Structures are given as structure tokens and as C-alpha cells.
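J.: Predicted model and sequence follow; I will ask about them next.
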Amino acid sequence: MFFPVPALRTSGHSLAITKSKLAATAGLLAAALLLAPQPTAEANTTQAHALDSAERRDRLVDVEGLGRLSVDWQLGDKPGKRYELDNDAFPGWLALRNRTWALTADGAERCAEHTGRDCGLDGWERFLDKVGGKSRQEQMKAVNRFINKVRYREDSANWDKKDYWAAPGEFFATGGDCEDYAVAKYYSLKHLGFPEERMKIVVLKDRSRGIHHAVLVVDWDGETLMLDSVDNRIRPYKKAKHYQALYSINETAYWLHAS
């Protein structure tokens, strides 16, 4: 399982998050991403390291035109610095959002042409209609259970790529890995009327299993609730002591949680 790590650019200066820095502070990157840091003055401000261009090109997703730093967001014991999301940030996430035909039941035919099989969008729409009248808490529980029934499958097996963020239709057709579960839950709740600013996909390190993982979190009734592909319960994120956040993202911004 591979997750992109954001490299940042602001005011003409490149900033990045490195494996060695995160391992020393939050244990958030896999051993395969070990990088040699080159500290800069800017890195002290963002708690990151600058990488040379070759490392950044090979290891990181470049984020050009970084927006201004604004409000922070506390995720468990990890505060996150908020950055505006632009069209160059996280290309896998942007490409997913542009595949609108795989986000609604209206795109069932095109989705089937793309995946070579029924995408299950009609069934997804029927499920969302069925739970539409329930309370928000019940909707979150139902969505978590519904999405968790989809089979797990690595991106390399589905798409012959190291990392591919699948839209819900693609995910229902082929299965997917942990960020695909989180994405499908995000769009399910969005269709049910949950405000997108209350939802974030969190990429993290699962210290108990020694792997990277992704979950959806929802800020609701004063708590940050977690929808996890390995747990059908809805639990407060703060109770998952074995999780350490790397970054979180929604359709308007992303947050870096490394300390």
C-alpha cells in the first residue's frame, strides 16, 4: 500500500515532508520511503525538510501554488496546519473528483464501460435513499457497514498502479484498498447532506500493524468520529491510540499533522 506524501511550495520556496522526519516524530512513513533530509529555515516553520529535486520528483507528489496557511485543526493529539487545496495538489484525489460519472448513479453505463463490469451505482443509490430519513448517527453507522462489505483489493491488482484513488463506482465494481473505502464513505455522506467541511479523509500510520492506513473522520456533535474499514463501529478518533495521523484532506483543503 502506498500513499503520496505532499511536497509544498510557497513564496518561491519548496517545502516537503520526509520519511526520516516523520519516523523520528510520528512514525508516519513506511521504510520504503526513507529519505535523507536537508534542513532549511523554512522547514523549521512547517516542521518539514526540503528535498533535492530528484528525491522530490521520485518520492513525492508536488503541490504547486500552495495557498496561504490558515486555520489549524486538532486531530486527536496531533494539530494540523491547514493549506488551501488547488488543482495541482494531490493529483490522484483531483482526478478522482473529475470522474463525476463514477460518483452518481447517472454514470452507471460509462462506469461499466470503464471497469468492464457493473459498478453497482444503482444499488448504492437505493441504499442512500433507504437511509435518507434516518438520524445522522444512524446514517454514519449504516454507511460504514455498507461500504465495509466491499472486498479489499490492492491498487496494483485492480489498476496495475502503485497508487490509485478510486471513485465509488470503480470501488464497487472492483473492490479497493483503505483510502477507497474512505472515499466511498465520504461521497455517501455527502450525498446524504453532510457538509464537506466536516469530513476529512485521514492518511495515517497504524502502529499496531506497522502499516499505512486511511479512514474517514466526521466532526459531529463536538467529537471527531471515525469510520474505519476494519471496524463496523463508529468511534471517536481520539480512542484509536494506535493511529498517528500523517495528513488529512477534503475537497477544499488539506492538513499536515506531523509534529
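T.: On my side now, so go ahead. Every value quoted in this text rests on a predicted model; they were computed, and no experiment measured them.

J.: Over to K161: give its phi and psi.
T.: Dihedral angles of K161 (phi, psi; degrees, to the nearest 10) stand at phi -130, psi 150.

J.: How about the one 5 residues further on?
T.: Geometry field for A166 lists phi and psi as phi -80, psi 140, criterion degrees, to the nearest 10.

J.: Kindly report the same for R209.
T.: phi -110, psi -10.

J.: Over to C178?
T.: Backbone geometry at C178, expressed as degrees, to the nearest 10, gives phi -60, psi -40.

J.: what do you get for the one 10 residues further on?
T.: Backbone torsions of S188, given as degrees, to the nearest 10, read phi -60, psi -50.

J.: State the distance from the nearest residue to it once chain neighbours are set aside to R99.
T.: Excluding the flanking residues, the one nearest S188 by CB to CB, 6 or more residues apart in numbering is V143, at 4.6 Å. Backbone N, C-alpha and C define where each C-beta goes, glycine included. Noted for V143: a distance of 20 Å to R99, by CB to CB, to the nearest Å.

J.: follow-up on the earlier one: you'd agree the residue nearest to S188 is up against H191?
T.: No: the pair V143 / H191 is not scored as a contact, 9.6 Å apart, by CB atoms under 8 Å.

J.: Look up which residues are beta-bridged to the nearest residue to Y243 once chain neighbours are set aside.
T.: In space, and not counting its chain neighbours, Y243 is closest to L204: 4.9 Å by CB to CB, 6+ apart. Bridge pairing for L204 (DSSP bridges) gives the partners H213, A245.

J.: neighbour count winner among V143 and H191?
T.: More crowded of V143 and H191, by other CB atoms under 10 Å: V143, with 26 against 18.

J.: Okay, and that one sits in which element?
T.: Using DSSP states H and E, the element containing V143 is helix 136-148.

J.: what residues does that helix touch?
T.: 127, 131-132, 134, 181, 184-185, 188-189, 192, 194, 218, 220, 225, 227-229, 232-234 (CB atoms under 8 Å, 6 or more residues apart in numbering).

J.: before we move on, back to that, tell me how far the residue nearest to Y243 lies from G116.
T.: In terms of CB to CB, L204 sits 32 Å off from G116.

J.: more neighbours, these two?
T.: In this view L204 and G116 are compared by other CB under 10 Å, and L204 has more residues nearby, 28 against 8.

J.: So that one is in contact with V217, correct?
T.: No: in this structure L204 lies outside contact range of V217 using CB under 8 Å: 10.0 Å.

J.: re the thing from before, quick one: contacts for the residue nearest to Y243?
T.: With CB under 8 Å, 6+ apart, L204 has these contacts: 28, 212-215, 243-246.

J.: at 7 Å instead, please
T.: Neighbouring residues of L204 by CB atoms under 7 Å, 6 or more residues apart in numbering: 213, 243-246.

J.: And for R153?
T.: Residues near R153 by CB under 7 Å, 6+ apart: 174-177.

J.: cool, and L103?
T.: 167-168, 187.

J.: Next step: those restricted to helices.
T.: Residues of the contacts of L103 located in helices (DSSP state H): 168, 187.

J.: Closest to L256 out of the contacts of L103?
T.: Distance to L256 across the contacts of L103 (CB to CB) is lowest for Y187, with 23.6 Å.

J.: Once you drop chain neighbours, what's closest to that closest one?
T.: In space, and not counting its chain neighbours, Y187 is closest to P168: 5.3 Å by CB to CB, 6+ apart.

J.: hang on, that neighbour packs against W101?
T.: No: taking contacts as CB atoms under 7 Å, P168 lies outside contact range of W101: 10.9 Å.

J.: For PyMOL, write the select line for the buried members of the contacts of helix 136-148.
T.: Entered in PyMOL, the line below selects the buried ones among those, by 16 or more other CB atoms under 10 Å:
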select buried, resi 127+131+181+184+185+188+189+192+194+218+225+227+228+229+234
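
J.: Give me the contact list for the strand or helix carrying W124.
T.: Using DSSP H and E, W124 sits in helix 121-131. Contact with helix 121-131 is made by 105, 107-108, 111, 139, 142, 146, 168-169, 172, 188, 191-192, as judged by CB under 7 Å, 6+ apart.
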